[in-house]
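1. Could you look at this predicted model? Sequence included:
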Amino acid sequence: MSKSEDNKVYFAKIIKGIAGFYYCIILDEGNRKGQIFSCKAKGIFRNIGVKPLVGDNVDFEITDEKDFEGNIIKIHQRKNSLIRPAVANIDKVMLVLAVESPSPAFYYLDKYLINMSNAGIKVEICWNKTDLNMDKALEYAKIYTDAGFKNIIASTVEDGGLKTLKEALKGEVNVLAGASGVGKSSITNILAPKANMDTNTVSRKIERGRHTTRHSELFMIDNDTFVFDTPGFTSVESPTFDKEELRFHFNEFAKYEGKCRFAGCNHINEPDCAVKEALEKEYISESRYQSYKKMYEEMSERRKY
């Protein structure tokens, strides 16, 4: 075993965690910058009930130079974290959806957007597989542009939009989120092929079977740009705030606020509702309104228990 002789502490970011090992990429300037070490977390973290997350900024000591191993000795304060996926220190969520195969589930999309908004995390939307149906991609992008979100059109097959996507990710720690099969891993492999190879090499001792995204993994695209590749989500929790607040999370409703007959109109059953009038005139998307209505009803049922 080749022990480290300098006892130096290195500043790093956790890019992957598997079976109690945390893969840390060194961020310090110098000849070690970009090196990846397989680290264990000190027992002190268990004692205080803190578990390292992918995306954490940490300090670690090298314990074995030859095998690139170390011990995490400090977890720096997080600016935010998510439970699903379990990641930390996010600047932005890039929500990836396929235009087709699989078709987008708009209700879950709208729930996810609201949960991120409630957490104070910026969200942008990437429509992938646009080579299958560009007309639908433009239609969907318009709905969510009108709702106040930045939309990017992309295709990993035709390489369309990936330059725009890379520019949108620059300078931030980004989460690529979305359902299984929408192309998140394909996008990551195109944006950061070298990072993918490096992490697979370091983790070869404990990886089992063919790689699929069963855990969150963080890739460095360049010096100041990171991308999480996360497991596909199949369900999204309902928002935890009161149902009366829900309308404020649908940005396209904002211009009609105060124009309904009743103050505090919830845009469900009230007469002379400006939002429902806008819906009839197709100024507001039918799918977005139906998501709002379904969420409102779910939140009303939850209050009963």
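-> Okay, I see it. Treat the numbers as computed from the prediction; the structure is a model and nothing was measured.

2. for stretch 261-279, which positions count as buried?
-> 265, 266, 267, 273, 274, 275, 276, 278, 279 (16 or more other C-beta atoms under 10 Å). Using the backbone N, CA and C atoms, a C-beta is placed for each residue, glycine as well.

3. sorry, that was for stretch 226-245
-> Of the residues in stretch 226-245, those buried (16+ other C-beta under 10 Å) are 226, 227, 228, 229, 230, 231, 232, 236, 239, 243.

4. Also stretch 62-78?
-> For stretch 62-78, by 16+ other C-beta under 10 Å, it's 62, 63, 68, 69, 70, 72, 75.

5. do stretch 116-127 as well
-> Counting neighbours by 16+ other C-beta under 10 Å, stretch 116-127 gives 116, 117, 123, 124, 125, 126, 127 as buried.

6. measure that stretch end to end?
-> One end of stretch 116-127 to the other measures 18 Å (C-alpha to C-alpha, to the nearest Å).

7. quick one: contacts of that stretch?
-> 80, 82, 90-99, 112-113, 137, 140-141, 144, 149-154, 161, 165, 168, 187, 239-241, 249 (C-beta atoms under 8 Å, 6 or more residues apart in numbering).

8. I'd like to know how many residues surround residue 180.
-> 13 (other C-beta atoms under 10 Å).

9. Which one among the buried residues of stretch 226-245 sits at the bottom for pLDDT?
-> Within the buried residues of stretch 226-245, residue 232 has the lowest pLDDT, namely 63.

10. quick one on the thing from earlier: farthest-separated two in the buried residues of stretch 261-279?
-> 266 and 278 (14.9 Å; C-beta to C-beta).

11. Strands - which of the buried residues of stretch 62-78 land there?
-> 62, 63, 69, 70, 72, 75 (DSSP state E).

12. need these in TSV with pLDDT and distance to residue 30, can you?
-> Shown next, in TSV, are those (pLDDT from 0 to 100; distance: C-beta to C-beta, whole Å):
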residue	pLDDT	distance to residue 30
62	96	13
63	95	19
69	96	19
70	96	16
72	96	19
75	95	22
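
13. Dig out what the residue nearest to the spatial centre of the chain forms beta bridges with.
-> When C-alpha atoms, centre = their mean is applied to the chain, the residue found nearest the centroid is residue 175 (3.1 Å). Taking DSSP bridges as the rule, residue 175 bridges to residue 93, residue 228.

14. Now for it: which residues touch it?
-> 82, 85, 87, 90, 92, 93, 94, 227, 228, 230.

15. what's the helix or strand for residue 77?
-> Residue 77 belongs to no helix or strand when assigned by DSSP states H and E.

16. Identify the single longest strand in this protein, thanks.
-> strand 9-18.

17. by contact count, what packs against it?
-> Using 3 or more C-beta pairs under 8 Å, 6 or more residues apart in numbering; DSSP states H and E, the elements in contact with strand 9-18 are strand 21-26, strand 57-64, strand 217-222.

18. model confidence over that strand, on average?
-> In the prediction, strand 9-18 has an average pLDDT of 94.

19. can I have that strand written out in PDB, keeping just the CAs?
-> The C-alpha trace of strand 9-18 is given here as PDB (Å, rounded to 0.1, in the frame of the first residue of the first chain):
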ATOM      1  CA  VAL A   9      -6.000  18.300   3.000                       C
ATOM      2  CA  TYR A  10      -7.600  18.600  -0.500                       C
ATOM      3  CA  PHE A  11     -10.800  20.500  -1.400                       C
ATOM      4  CA  ALA A  12     -13.000  18.400  -3.600                       C
ATOM      5  CA  LYS A  13     -16.600  17.700  -4.800                       C
ATOM      6  CA  ILE A  14     -18.300  14.400  -4.500                       C
ATOM      7  CA  ILE A  15     -19.300  13.200  -7.900                       C
ATOM      8  CA  LYS A  16     -20.600   9.700  -7.100                       C
ATOM      9  CA  GLY A  17     -21.500   7.500  -4.100                       C
ATOM     10  CA  ILE A  18     -21.800   3.700  -4.200                       C
END
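
20. That strand: which residues count as buried?
-> Buried, per 16+ other C-beta under 10 Å, within strand 9-18: 10, 12, 13, 14, 15, 16, 17.

21. Identify, from these, the entry nearest to residue 259.
-> Looking across the buried residues of strand 9-18 and measuring by C-beta to C-beta, the closest to residue 259 is residue 13, at 47.6 Å.
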